[in-house]
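Q: give me a model of this one.
(chains A and B)
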There are 2 protein chains.
Amino acid sequence: MSQAFCQQFGTTHALIQAPMAGVQGSALAIAVSEAGGLGSLPCAMLSSEQIKAEIEAIRAATSKPYNLNFFCHTPPTPDVATPEREAAWRKLLAPYFAEYGIDPASIPAGAGRAPFSDGLCDLIAPYKPPVVSFHFGLPSADLVQRVKTWGGKVLSSATTVAEAQWLEGHGADAIIAQGIEAGGHRGMFLRKNEHGVHSGLSATFPDDWREELSTQQGTFTLLPQIVAAVNVPVIAAGGIASAQGIQAAFALGASAVQIGTAFMLCNEATTSALHRAQLARSAAHPEQHHTQLTTLFTGRPARGITNRVMRELGAINIAAPVFPTSTAAIAPLRAAAEKAGLADFSPLWSGQNASGCGALSAVELMRDLGF
Amino acid sequence: MSQAFCQQFGTTHALIQAPMAGVQGSALAIAVSEAGGLGSLPCAMLSSEQIKAEIEAIRAATSKPYNLNFFCHTPPTPDVATPEREAAWRKLLAPYFAEYGIDPASIPAGAGRAPFSDGLCDLIAPYKPPVVSFHFGLPSADLVQRVKTWGGKVLSSATTVAEAQWLEGHGADAIIAQGIEAGGHRGMFLRKNEHGVHSGLSATFPDDWREELSTQQGTFTLLPQIVAAVNVPVIAAGGIASAQGIQAAFALGASAVQIGTAFMLCNEATTSALHRAQLARSAAHPEQHHTQLTTLFTGRPARGITNRVMRELGAINIAAPVFPTSTAAIAPLRAAAEKAGLADFSPLWSGQNASGCGALSAVELMRDLGF
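A: Below you'll find the model as predicted:
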């Protein structure tokens, strides 16, 4: 099955380097693609100019396939992202603002992440990117079609069997089965109904994500159940950090693997020194590695290493406003704390197994992983 | 590594049939042991007389090794299991008592599950059971030693790397790595400290288990990290439901696998008709299979299929009193609802993958699993 993936995606290895906004750019994608994997560029937090520059950097450095990753959430409408919610969030953070001497009035509101759109599609179309992956479902049918028109393959993540079936029905060429072990944002995009079953696409979720999160499965059960439920290739993601893990994923029916956390200490990653220190500590002391799904940094659950703000406010706090508006108010705290050498307010994205992290090149890591 | 397990435990196959109180007795254990696996008898909910009778049934039917499973929690002291907590729990359940015409005053208080003790050890010692497994840690050092004195092997479950290290340090001959996908009770026995790291043995946990549950990992990350951290054999549990799953567990370093859910529809299991119907539905419609970790039935988190009481009260409700005292007040509701053909108040234990469930004999299932 891994050969079929390689043929379909034009890679040498059945490996996708997970797109990880904030900790990597074109350099990591180039290194992985050049070494025969599918390198990914996370575009969700880049400006249009930055996206163009990064794509051009990739094309200048490699002729091999690469993947552009976009979020495709529905931006919150004013009835959801209300001033009252923003005010409640800032009130919760007020003691921290005081601690760091930050004037809350100086903090601009506003989203930090724009979803895929006609404009972004116009921007990337001239480059005909070979693969475009989405998080939080898929964009509108016409946008999916536009990507396919230039021969682009469309990927997205499923966190349940129902989401995988939805993605297959809406044109995904392959599906990433994202087990609960994975670092970063959960790709959840269908809401559960009263029976706990995913029943429909949703722009918004309840403020208390904990009930929704009960639908989320470990890779060990999610992967084979998705493989059995769809006809497109399935890419395993979540907790894969070694050659043995890759072998296990293939045994469970994966056509390829997507690996994120293990790449975060790579030389080509842009992971901050503070974040690197935490990952290195986790790699050396797995018994002390503690991650949680938290909504504090963006408003959607994402897995990161537990830090001060997660401990003090609870990793899932209903005051954190709807994705992606939580980011604005916590950003200046992050900046101030990082200036003081503290990761207390930083999103320290990581999966549940950081033992694959090493300070080496992406090519060396891929060799260690058996590629 | 699986050969080493078979040699150590005297089995033909590197398979443990998970002990599942309430859905199986000696018949399933006998069938599995006779077929070359390690059959398990759950003793936690049996009286002394029942335990003796079941052991004698096993010994009469097979000369092969078997496993006796006990809980080893610290029973709640009166300062934890207070009348106020019990009253609050019954108040929460009051509308249901009214619905079923149950007089709450008629419900006896009292624990339903006794931990392993000197008395139980006296009871089983004459039979020299070849394997004794524990849930929620290990009993006192002298009890562990007594089991070893007759040549009994001691097993217990770890849900974190720290718990695995603790079990190895306290005499476990092998460790079951229980991934979050597993059905039934989480084996958690160390509490996390403020940094989320397990720091010590604990008799009690906070009423809101949700923070504690953030330490729990999927099999894909828990298993290899425990394998790397201890020197004793590691048995994979949680989400293994097929020959492919077994292969994946071995790839991740397991010396054996423990399988529960897949055995629940077996002819030899005593799973109720209501419970069987739910599992069969999940097996046929994995996209509708929704399990949750719930404290409602016993006071400790255990994974089961979501039903009415879990939906209406929330699967983790802080009113559910300390393990195992929650059981008493919910038991008559379960009985009344089951009489009416409803599983609304029944613990429908199941892992996150019920697709391995089939109405066949244990031997046939083992053959399907590749043994």
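
Q: the helix or strand harbouring A:Ile58 packs against which elements?
A: Using DSSP states H and E, A:Ile58 sits within helix A:48-61. Contact here means 3 or more CB pairs under 8 Å, 6 or more residues apart in numbering or on different chains; DSSP states H and E; on that basis helix A:48-61 packs against helix A:26-34, strand A:39-42, strand A:66-71, helix A:118-124. C-beta: built from backbone N, CA, C; applies to glycine.

Q: okay, these in TSV with mean pLDDT, distance to chain B and mean neighbour count next?
A: Below are the helices and strands packed on helix A:48-61 laid out as TSV (pLDDT from 0 to 100; distance: least, CB to the nearest CB, whole Å; neighbours: other CB atoms under 10 Å in any protein chain shown):
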stretch	mean pLDDT	distance to chain B	mean neighbour count
helix A:26-34	98	22	25
strand A:39-42	98	21	28
strand A:66-71	98	22	26
helix A:118-124	98	31	15
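
Q: you'd agree A:Ala177 is in a strand?
A: Yes - with DSSP: H, G, I helix; E, B strand; the rest coil as the criterion, A:Ala177 is part of a strand.

Q: what residues does the biggest helix by length in chain A touch?
A: If each helix of chain A is counted by residues according to DSSP state H, the longest one is helix A:83-100. Outside of helix A:83-100, the residues that reach it under the criterion CB atoms under 8 Å, 6 or more residues apart in numbering or on different chains are A:102-104, A:107, A:109, A:309, A:313, A:317, A:319-322, A:325-326, A:329-330, A:332-333, A:336-337, A:345.

Q: what mean pLDDT does that helix have?
A: Looking at helix A:83-100 alone, the average pLDDT works out to 96.

Q: okay, buried residues for that helix please.
A: Applying a neighbour-count criterion of 16 or more other CB atoms under 10 Å in any protein chain shown, the buried positions in helix A:83-100 are A:Arg85, A:Glu86, A:Trp89, A:Arg90, A:Leu92, A:Leu93, A:Tyr96, A:Phe97, A:Tyr100.

Q: A:Ala162 contacts A:Leu190, correct?
A: Yes - A:Ala162 is within contact range of A:Leu190, at 5.9 Å (criterion: CB atoms under 8 Å).

Q: filter the contacts of helix A:83-100 down to the buried ones.
A: A:102, A:107, A:309, A:313, A:317, A:319-322, A:325-326, A:329-330, A:332-333, A:336-337, A:345.

Q: and the next helix or strand past the worst-scoring helix or strand of chain A on mean pLDDT?
A: Ranked by mean pLDDT, DSSP states H and E, the weakest helix or strand in chain A is strand A:198-201, scoring a mean of 69. Later in the chain than strand A:198-201, the nearest helix or strand by DSSP H and E is helix A:219-229.

Q: what angle do that next one and helix B:219-229 make?
A: Relative orientation of helix A:219-229 with respect to helix B:219-229: 140 degrees, computed using axes from the mean of the first three to the mean of the last three CA atoms, to 10 degrees.

Q: give me the residue from the stretch 51-200 of chain A nearest chain B.
A: Per CB to the nearest CB, A:Gly196 is where the stretch 51-200 of chain A lies closest to chain B, at 3.1 Å.

Q: ok, how many other residues are close to that residue?
A: Around A:Gly196 sit 22 other residues, with neighbours defined as other CB atoms under 10 Å in any protein chain shown.

Q: so what's it closest to, chain neighbours aside?
A: With sequence-adjacent residues excluded and distances taken as CB to CB, 6 or more residues apart in numbering or on different chains, A:Gly196 is closest to B:His290, at 3.1 Å.

Q: my read: that neighbour touches A:Glu212, true?
A: No - under the criterion of CB under 8 Å, B:His290 lies out of contact with A:Glu212, with a separation of 11.3 Å.

Q: chain center to the helix or strand hosting A:Ala283, what's the gap?
A: Secondary structure assignment for A:Ala283, by DSSP H and E: helix A:273-284. Distance of helix A:273-284 from the chain centroid (CA atoms, centre = their mean, to the nearest Å) equals 19 Å.

Q: what are the buried residues along it?
A: Of all the residues in helix A:273-284, those buried under the rule 16+ other CB under 10 Å are A:Leu274, A:His275, A:Arg276, A:Gln278, A:Leu279, A:Ala280, A:Ser282, A:Ala283.

Q: now stretch A:330-338: mean pLDDT?
A: Model confidence over stretch A:330-338, given as mean pLDDT, is 97.

Q: interface residues of the stretch 201-350 of chain A facing chain B?
A: Where proximity means CB under 8 Å from any CB of the partner chain, the interface of the stretch 201-350 of chain A facing chain B comprises A:210-211, A:214-215, A:217-222, A:224-225, A:228-229, A:238-242, A:244-245, A:247-249, A:251-253, A:286-293, A:306, A:311, A:314-315.

Q: about what we covered before: and the residue of the stretch 51-200 of chain A closest to chain B, what element?
A: Once you assign secondary structure using DSSP H and E, A:Gly196 falls outside every helix and strand.

Q: I'd like to know how many residues surround the closest residue to A:Thr271 other than its chain neighbours.
A: On the basis of CB to CB, 6+ apart, the spatially nearest residue to A:Thr271 that is not a chain neighbour turns out to be A:Val23, at 4.3 Å. As a burial measure, A:Val23 scores 25 neighbours (other CB under 10 Å).
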